[in-house]
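Chemist: here are the coordinates; sequence isn't available:
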């Protein structure tokens with residue numbers, strides 16, 4: 001079946017990444033008659049639990065017990081010894097496109113306080129007018145039960161991170177930490193002359209990955225939500241030329257990062273949702289004051305498009321993020337405090353700016369998924385691109401640690417925080433795919449350099465840390481990185497208390513365990 005948003009080109013099914021991740025019933029492994037396979041002779045893989053509905057993320061409670069999220073049902077499933085023991089929580093989610101129940105992490109003091117954090121998308125009534133949501137936000141206490149895939153039935157601030165209390169069987173709501181943008185319908189008459197009249201409603205680029213760092217702070221990723229304002233490096237808005245008149249990003253304001261435009265960022269929060277005083281823009285926000293100033297205080301990094309993978313280096317504590325491109329330049333980033341990732345002005349290394357523009361203006365939909373800032377606006381030189389960036393005081397731009405010339409649709413990432421797979425894999429980074437188009441859902445393996453700041457490479461073609469692959473969803477120059485296949489859509493990779501690597505496959509409805517033979 002070909003769904004809306006999926007079309008054929010030259011006889012080949014071209015699958016839009018943002019819709020692939022929203023599939024709710026496909027079982028890729030069953031359809032192919034195969035399961036995942038490891039390509040390294042020292043490693044093997046086996047299923048731990050199957051029959052899940054679009055699983056997205058898991059958190060270990062003990063060596064044989066974990067909580068796993070189901071994106072589409074809003075259920076947190078309690079798994080013991082490979083069997084779903086009970087449903088610990090059933091949230092009423094909006095699951096259209098990339099929305100739903102997306103991220104989980106445990107409090108650093110979980111053993112004593114039993115606190116669990118969830119990133120999810122709540123729902124609202126279908127609006128009377130399509131360009132104005134029925135609610136600005138949901139109530140703090142979550143609604144449970146029935147879900148919806150109505151793309152407009154979501155509050156303006158429908159993405160949220162909440163804290164729950166675990167009692168050994170169930171999760172009980174404790175605290176809302178933050179509410180973030182979810183509603184996307186940019187085709188209305190206000191503001192005028194945006195060029196968005198044919199833009200359909202969307203529900204993608206919600207991000208949703210969350211984790212605690214070694215600094216015991218909560219890191220939250222939200223994608224750009226289709227916004228085109230200051231945090232997407234458009235200082236005066238999507239249709240304005242700086243210096244000049246500042247234009248609103250959409251019918252809800254912007255381009256300043258108010259509550260409706262705090263998108264395309266990694267947030268760094270205390271466990272109660274407050275902003276740590278050592279955040280990179282804390283002083284800037286304090287001086288500015290108001291809603292925008294308070295939001296700046298929470299930002300760790302901005303200029304981000306979208307991601308399904310956020311992980312903490314167990315050795316250095318460094319924050320690593322995979323970032324999805326449109327048609328070009330998938331990225332892996334080592335994210336430093338105050339880093340501007342460059343989006344939407346830059347994707348991939350800045351010295352590849354001409355390739356970024358050439359691909360995005362000649363291939364695919366030619367719109368960077370949004371209409372009001374077309375790819376023809378991309379700069380012609382690295383100097384021009386850098387000069388356009390919106391640089392908060394203390395911000396710095398950095399190229400990605402690794403990139404692919406064409407989008408390879410990266411998914412979940414995770415470090416091997418043990419020697420259980422063998423010393424050759426200890427503290428290495430693994431990355432899965434957000435589409436099964438490549439090797440049935442690839443699994444890549446990366447070594448880091450001794451100082452833990454770069455990706456180490458052996459292939460001389462990768463000395464520039466760019467895989468010059470030949471087409472979208474093709475892995476030329478990545479062959480030495482491939483360590484597994486047929487994992488489907490990978491949404492999370494975690495080290496278990498036993499030291500083995502667990503991989504969550506949304507499309508296979510399964511959790512797999514990678515172990516040493």
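Modeler: On my side now, so go ahead. Please read all numbers here as calculations on a predicted model, not as lab measurements.
Chemist: just for this structure, where's the confidence low?
Modeler: 1-33 (pLDDT under 70).
Chemist: go ahead and flag the most central residue of it.
Modeler: Centrality entry for the chain: nearest residue to the mean C-alpha point is residue 307, 2.5 Å, by Cα atoms, centre = their mean.
Chemist: wait, it touches residue 222, no?
Modeler: No. Contact criterion Cβ atoms under 8 Å: residue 307 and residue 222 do not qualify, at 9.3 Å. C-beta here means a position set from N, CA and C on the backbone, and glycine is covered the same way.
Chemist: just give me the neighbour total for the nearest residue to residue 131 once chain neighbours are set aside.
Modeler: Setting aside the residues directly before and after it, residue 131 is nearest to residue 188 in space (Cβ to Cβ, 6 or more residues apart in numbering), at 3.5 Å. By other Cβ atoms under 10 Å, 17 other residues sit near residue 188.
Chemist: what helices or strands is the longest strand along the chain leaning on?
Modeler: If you go by DSSP state E, the chain has its longest strand at strand 171-180. Secondary-structure packing of strand 171-180 (3 or more Cβ pairs under 8 Å, 6 or more residues apart in numbering; DSSP states H and E): strand 115-121, strand 159-166, strand 218-222, strand 265-269.
Chemist: got the angle for the longest one vs strand 265-269?
Modeler: Put plainly, it is strand 159-166. 40 degrees (axes from the mean of the first three to the mean of the last three Cα atoms, to 10 degrees).
Chemist: which residues touch residue 387?
Modeler: Not one residue lies near residue 387 by Cβ atoms under 8 Å, 6 or more residues apart in numbering.
Chemist: now it, what's its secondary structure?
Modeler: helix (DSSP: H, G, I helix; E, B strand; the rest coil).
Chemist: got a list of what residue 87 touches?
Modeler: Taking Cβ under 8 Å, 6+ apart as the test, what residue 87 contacts is 75, 76, 77, 78.
Chemist: one more time with 6 Å, if that's ok
Modeler: Neighbour list for residue 87: 75, 77 [criterion: Cβ atoms under 6 Å, 6 or more residues apart in numbering].
Chemist: quick check: it is in a strand.
Modeler: Yes. Under three-state DSSP, residue 87 falls within a strand.
Chemist: how many residues are close by the nearest residue to residue 205 once chain neighbours are set aside?
Modeler: Using Cβ to Cβ, 6+ apart and skipping residues adjacent in sequence, the residue nearest residue 205 is residue 223, 3.3 Å away. Using other Cβ under 10 Å, the number of residues around residue 223 comes to 26.
Chemist: I'd guessed residue 223 sits against residue 302; true?
Modeler: No. Residue 223 is beyond contact range of residue 302, at 11.8 Å (criterion: Cβ atoms under 6 Å).
Chemist: hang on, the earlier thing: and the residue nearest to residue 131, which helix or strand is it part of?
Modeler: Secondary structure assignment for residue 188, by DSSP states H and E: no helix or strand.
Chemist: now swap in residue 372 and tell me
Modeler: Per DSSP H and E, there is no helix or strand for residue 372.
Chemist: likewise residue 278?
Modeler: Using DSSP H and E, residue 278 maps to neither a helix nor a strand.
Chemist: so what's residue 211 up against?
Modeler: 105, 219, 310, 312.
Chemist: one more time with 10 Å
Modeler: Counting by Cβ atoms under 10 Å, 6 or more residues apart in numbering, residue 211 makes contact with 57, 59, 103-106, 117, 217-221, 310-312, 319, 414, 494.
Chemist: with adjacent residues omitted, what lies nearest to residue 446?
Modeler: residue 429 (4.3 Å).
Chemist: let me fix that, I meant to ask about residue 346.
Modeler: residue 385 (5.2 Å).
Chemist: ok, now residue 218?
Modeler: residue 269 (4.7 Å).
Chemist: give me the neighbour count for that neighbour.
Modeler: Residue 269 has 22 nearby residues by other Cβ under 10 Å.
Chemist: and residue 431, by the same measure?
Modeler: Counted with other Cβ under 10 Å, the neighbours of residue 431 add up to 27.
Chemist: wait, what's in contact with it?
Modeler: Going by Cβ under 10 Å, 6+ apart, the list of residues near residue 431 reads 308-309, 311, 320, 322, 330, 332, 402, 408, 410-414, 442-446, 481, 483, 490, 493.
Chemist: identify the bridge partners of residue 165.
Modeler: residue 115, residue 172 (DSSP bridges).
Chemist: quick one: buried residues of stretch 365-380?
Modeler: By neighbour count with 16 or more other Cβ atoms under 10 Å, stretch 365-380 contains the buried residues 367, 368, 369, 370, 371, 372, 373, 375, 377, 378, 379.
Chemist: thought the fifth one was touching residue 193?
Modeler: No. Counting by Cβ atoms under 10 Å, no contact exists between residue 371 and residue 193, whose distance comes to 11.9 Å.
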